[in-house]
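1. With the input below, show me the fold.
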Amino acid sequence: MPGLVSLVGGKITPYRAVCEEVVNFVAPKTRSDTAYAPLPGAPEDLGNLLREIGARAGVLRLPPGVARALGTTYGTRAHAILDVIVRSPSMGRIACPHAPMVEAEIDFVIETEMARTA
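-> Down below sits the predicted model:
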């Protein structure tokens with residue numbers, strides 16, 4: 001179809017830039033504001049969120065680095081991952097020896113971000 005522009009698949013963060021390019025191409029007199037739109041889970045105060053996540057991770061005795069990784073990766077959605085660990089402590093085990101990723105995080109991205117491969 002002439003004039004049809006399609007953008008399918010991908011992760012939200014890199015696709016923000018691609019979508020901005022598409023909007024600017026399709027409607028050059030309009031400028032995309034996607035770079036300023038908060039991502040899902042974006043906290044108003046990252047420092048405060050990291051303290052909250054750190055406190056919860058401490059109570060759950062999660063390995064070093066997990067709290068910061070969860071907070072900076074998922075923002076306020078990190079609480080949902082910690083909630084899983086509260087219900088099932090074994091989900092707090094490190095899933096990868098090279099990164100502070102816990103097993104609950106894997107289930108979370110499968111359920112909420114439709115992840116299928118690493």
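
2. what mean pLDDT does stretch 12-19 have?
-> Looking at stretch 12-19 alone, the average pLDDT works out to 76.

3. cool, and stretch 83-99?
-> 94.

4. Pull out the buried positions in it.
-> 84-85, 91-92 (16 or more other Cβ atoms under 10 Å). Bear in mind the C-beta positions are built from the backbone N, C-alpha and C, glycine included.

5. ditto for stretch 21-39
-> 23, 32.

6. Tell me which residues are up against that stretch.
-> Residues from elsewhere that reach stretch 21-39 (Cβ atoms under 8 Å, 6 or more residues apart in numbering): 5, 7, 12-13, 16-17, 19-20, 75.

7. Stretch 55-69 too?
-> By Cβ under 8 Å, 6+ apart, stretch 55-69 touches 50, 53-54, 70, 79, 82, 85-86, 89, 92, 94, 99-102.

8. got the end-to-end distance for that stretch?
-> End-to-end distance of stretch 55-69 (Cα to Cα, to the nearest Å): 14 Å.

9. Going by neighbour count, which residues of that stretch are buried?
-> Buried, per 16+ other Cβ under 10 Å, within stretch 55-69: 56-57, 60, 62, 66-67, 69.

10. a strand runs through Ala80, doesn't it?
-> No - using DSSP: H, G, I helix; E, B strand; the rest coil, the assignment for Ala80 is helix, not a strand.

11. I'd say it and Asp107 touch.
-> No - Ala80 is beyond contact range of Asp107, at 10.3 Å (criterion: Cβ atoms under 8 Å).

12. For Met1, see how far away Thr15 is.
-> One correction, residue 15 is Tyr, not Thr. Tyr15 is 22 Å from Met1, where distance means Cβ to Cβ, to the nearest Å.

13. out of the two, which sits in the busier spot?
-> Using other Cβ atoms under 10 Å as the criterion, Tyr15 and Met1 rank with Tyr15 on top: 15 against 5.
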